[in-house]
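Undergrad: Attaching a predicted model along with its sequence, questions to come.
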Amino acid sequence: MNRAGAKTRWGHFFWAAARQLAEIARLTVLGAVRSRRPKGELVRQFYQVGNRSFLFVLVTLGFTGMVLVFQSCLQLSQVTGDLSQVGSEFIKYLVHEFGPSLTAMMLATRVGAGIAAEVGSMVVTEQVDALQMCGVEPVEYLLAPRFFATLVMAVVLSVFGTLSAILLGGFAAHQTFHVPYAVFLDFDKVRLVDVFTGFVKALAYGAAIPIVSGFCGLRTSGGSEGVGWATTRAVVFSSFAVIVLDFLISALALLTWQAA
Amino acid sequence: MVVLSEVRKLHLDPTKPWVLDGISLRIKEGETCGLCGPGASGKSLLLKIICGLVFPESGHVEVRGTDLLRASAAARRKVQSEMGYLFQNNALFDSATVFENIAFPLRQRARLARTNVDEHEIRERVEETLRGVELLPHAQKMPSQLSGGQRKRVALARAVVARPPLLLYDEPSAGLDPVTTARIYDLLAREKAHTGATTLIVSSDLAALRAFAPRVLMLYDGKLCYDGPQEDMEQSDNAVVRQFARGDIEGPL
Amino acid sequence: MSRVLASIGSAVLALCREIGGMVLLLGYTVALALLGRFDRREFVRSLYKMGVVSVPIVAMTALFTGGTMVIQSGIFVQRYQAYGLLGWGTVYAVLREVGPILIGLMFSGRVGANNAADLGTMVVTDQVDGLRALSIQPIPFLIVPRVLAMVAAMFCLLILGDAVAIVGGMAFGKLLLGVDFASFWASCADAIKLWDLTVGLIKGCVFALLIAITSAHYGLQVQGGAVGVGRAVNDAVVAAALLIMISDDLLTMVLR
């Protein structure tokens, strides 16, 4: 073996890991597209991903909506004192940025950890090897349904999360700064490009989270310790992927369709 | 059937040299071989290399005419579906019933061959296999509800249900009491007599291998230090082999 | 109907049990910390394991967060041609809200999950029982140092993160919006107060405390081997995220 300096070893390591990630992404997407999977499994995955995260997303986005509205009202009252635009601006911001991104951060935690833990325990108990010995491609079999479910749920939950944030944000504005609901719930500023940006982000996040956490799960090694580390890595890397994708898509939007 | 040539595999610990250092062997169709050796000598690893789950650093691995290292993923999968593997820790699918665990290879085979799944046929075959391992009443249980010996029998059933021409057993009696061990080996022998499949067993239990495997290979220090009939192990020129065969405390091991 | 009520009831009871457990752990930990009864070596070791090792991920997160905030503030700024406000808008949001929340969430993932996994594995491999057998109490020995280390680490990481986010924001402001460093800096210099930074730091420390307690609570309660550890990490991270969001809300209202 080439036992050259640590730098080349690290370089090899990252390159090999990147290649494996790309391979997993390819197999997962192809598998989801071909979808020769039994319908029951897909429904079960939808339930796992969607149902269990629903309340979690509603609560976290609702609370954060309240905070943001409160913060914006505070800031605006220091600058212009005119709070009539808070609702419309907030809703616009929520649709193209905050709704999808924060929902995805929450999903990265809930779903990312879940996928890594499930897949990781299967690796550690050799069930993934057993799948291969039965002639099954494990990445396709395990990740494709989770990929599809997360993709759909990211979009669906973003919508519900956004609504939750809007409603609770309006509540906060009403209670603390006495902004009338009619003034707050102003959807005029939301353009089609905003919805488009938000949709693209939700799709990107929904695709990235299962692939990244599946990747972490499949690389588990070392017994119950290994499953713990894999779950940790999945949460960190999925969250980070969301942050980076958010930045990239926002920048792209700013420079092209000006909605950002 | 199985040909290995100068297979080398690195140790996970970078301070140690090769765990498998130039292994070459040939197993003919219909043969029954045992693979033994001291702990952590790489026996399970060798088994996994033979079935394409692990890739060596160098060497040639050919199973049933397919070069596993150069074959496409699809070709490798096809060869893998024609092998039966009994995992040391069973590796049962814990979210599926005993029945579904055993039916799984049959369903996948049908899918790979692009034929329609015949539920009736699958049911018959699975029940027949369950009867063979004496677990038919437990067909709808989950693996977590079974004892260690029962799980081992389910894993065995799953390995043999599709009647593969090549069977690999990794420590089939590990952690089992003497009676259960005898029953397991009895099942292995009956399976062998029934199908005549090429069989490779990894086991440190020489007494159990005695009745079952006419040819024994011993792995030590990365090399195959013995390849021949079981009876002649104690008279070998190699001191390591002699000590292992006799179970002596004194010696090079 | 009665089944729905029963399941709601049991869910509420389960929630109370979890919260109760965490509150007790928090109380015990705070008491021990104030009395100074904890293991100093474990504290230092944890500081390294949690603080130093998290620097890369926090820095990267902060960089992209700064960039995103600049872009988001940039839309307003472009629309109203108020380029002079870009600096203030970005930095205010980063220091008070976005910085603590995003770095908090990353910290929860990197350190909280790790801690839960660590403790969970110790429980599963009987090491915690082993400590008790040596008559070493697990909480002063294991938990209190880690909790303190997490709060201390978070404090430093947040300061670092804020700095990186601001610098990153400046760079992206120049790159994407053409706002030069001088005007960016000018717009924050007088409008941003020390209190803005302090609010963020207080939030960060509260988040760290929540992360520490949830990860310890779920980690110590693991049952069932590899699958149990995975589930504990999952529960810990989800609980931490929930508590971070809720406490952020409360703290923002309180700390004007």
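TA: Arrived safely, thanks for sending. Bear in mind that the values here come from a model prediction, so they are computed numbers and not experimental data.
Undergrad: Would you map the helices across the stretch 101-250 of chain A?
TA: A:127-133, A:138-177, A:181-184, A:192-218, A:223-255 (DSSP state H, counting those that start in this stretch).
Undergrad: An error on my part: the question was meant for the stretch 51-200 of chain C.
TA: With helices called from DSSP H, counting those that start in this stretch, the stretch 51-200 of chain C shows them at C:55-80, C:86-93, C:99-107, C:113-124, C:127-133, C:138, C:144-172, C:181-189, C:194-220.
Undergrad: so which of those comes closest to chain A?
TA: helix C:113-124 (2.7 Å; C-beta to the nearest C-beta). All C-beta atoms are positioned from the backbone trio N, CA, C, and that covers glycine.
Undergrad: is the closest one up against chain A anywhere?
TA: Yes. Using C-beta under 8 Å from any C-beta of the partner chain, helix C:113-124 reaches chain A at C:113-114, C:116-118, C:120-121, C:124.
Undergrad: Got a quick ChimeraX command for the buried subset of those residues?
TA: Burial among these is assessed by 16 or more other C-beta atoms under 10 Å in any protein chain shown; the matching ChimeraX selection reads:
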select /C:113,114,116,117,118,120,121,124
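Undergrad: Nearest to chain B, out of the helices of the stretch 51-200 of chain C?
TA: Closest among the helices of the stretch 51-200 of chain C, using C-beta to the nearest C-beta: helix C:113-124, at 16.5 Å.
Undergrad: for the closest one, packing partners?
TA: helix A:223-255, helix C:194-220, helix C:225-254 (3 or more C-beta pairs under 8 Å, 6 or more residues apart in numbering or on different chains; DSSP states H and E).
Undergrad: Need phi/psi at residue A:188.
TA: Phi and psi for residue A:188, reported as degrees, to the nearest 10, are phi -60, psi -40.
Undergrad: list the contacts for residue A:115?
TA: Counting by C-beta atoms under 8 Å, 6 or more residues apart in numbering or on different chains, residue A:115 touches A:143, A:146, A:150, A:209-210, A:213-214, A:217, A:234.
Undergrad: Give me every residue in the stretch 1-150 of chain B lying close to chain A.
TA: Counting by C-beta under 8 Å from any C-beta, the stretch 1-150 of chain B sits next to chain A at B:10, B:14, B:48, B:51-53, B:57, B:73, B:77-78, B:80-81, B:83-85, B:87, B:89, B:91-94, B:104-105, B:108-109, B:111-112.
Undergrad: Looking at those, which are in helices?
TA: Those of these mapping onto helices are B:48, B:73, B:77-78, B:80-81, B:104-105, B:108-109, B:111-112, per DSSP state H.
Undergrad: hang on, the earlier thing: could you work out which of the helices of the stretch 51-200 of chain C reaches nearest to residue B:220?
TA: helix C:113-124 (33.4 Å; C-beta to C-beta).
Undergrad: what does that closest one contact?
TA: Residues contacting helix C:113-124 (C-beta under 8 Å, 6+ apart): A:113, A:224-225, A:227-229, A:231-232, A:235-236, C:50, C:128, C:142, C:146, C:150, C:212, C:214-216, C:218-222, C:224-226, C:228-229, C:232-233, C:236-237.
Undergrad: Stretch C:167-187 too?
TA: Where contact means C-beta under 8 Å, 6+ apart, the residues beyond stretch C:167-187 that reach it are A:251, A:254-255, C:62-67, C:69-71, C:74, C:77-78, C:83-88, C:90-91, C:94.
Undergrad: quick revisit: out of the helices of the stretch 101-250 of chain A, which comes closest to residue C:249?
TA: Of all those, helix A:138-177 comes closest under C-beta to C-beta, at 8.7 Å.
Undergrad: Tell me the buried residues in the closest one?
TA: A:138-173, A:177.
Undergrad: Determine the set of other helices and strands touching it.
TA: Using 3+ C-beta pairs under 8 Å, 6+ apart as the contact test, the elements touching helix A:138-177 are helix A:6-34, helix A:39-46, helix A:52-79, helix A:86-93, helix A:99-124, helix A:127-133, helix A:181-184, helix A:192-218.
Undergrad: relative orientation of the helix-or-strand element of chain A with minimal mean pLDDT and helix A:138-177 in degrees?
TA: Least confident helix or strand, chain A: helix A:39-46 with a mean of 72, by mean pLDDT, DSSP states H and E. Per axes from the mean of the first three to the mean of the last three C-alpha atoms, to 10 degrees, the angle that helix A:39-46 makes with helix A:138-177 is 40 degrees.
Undergrad: Quick one: list the elements packing against helix A:39-46.
TA: Using 3+ C-beta pairs under 8 Å, 6+ apart: helix A:39-46 touches helix A:138-177.
Undergrad: mind listing the strands for chain B?
TA: Along chain B, counting by DSSP state E, strands occupy B:2-10, B:18-27, B:32-36, B:58-63, B:66-67, B:83-86, B:166-170, B:198-202, B:215-220, B:223-229.
Undergrad: buried sites along the least confident helix or strand of chain A?
TA: Those would be A:42, A:45-46, for helix A:39-46 by 16+ other C-beta under 10 Å.
Undergrad: Looking at the stretch 151-253 of chain B, which residue is nearest chain C?
TA: For the stretch 151-253 of chain B, C-beta to the nearest C-beta, closest residue to chain C: residue B:151, 14.9 Å.
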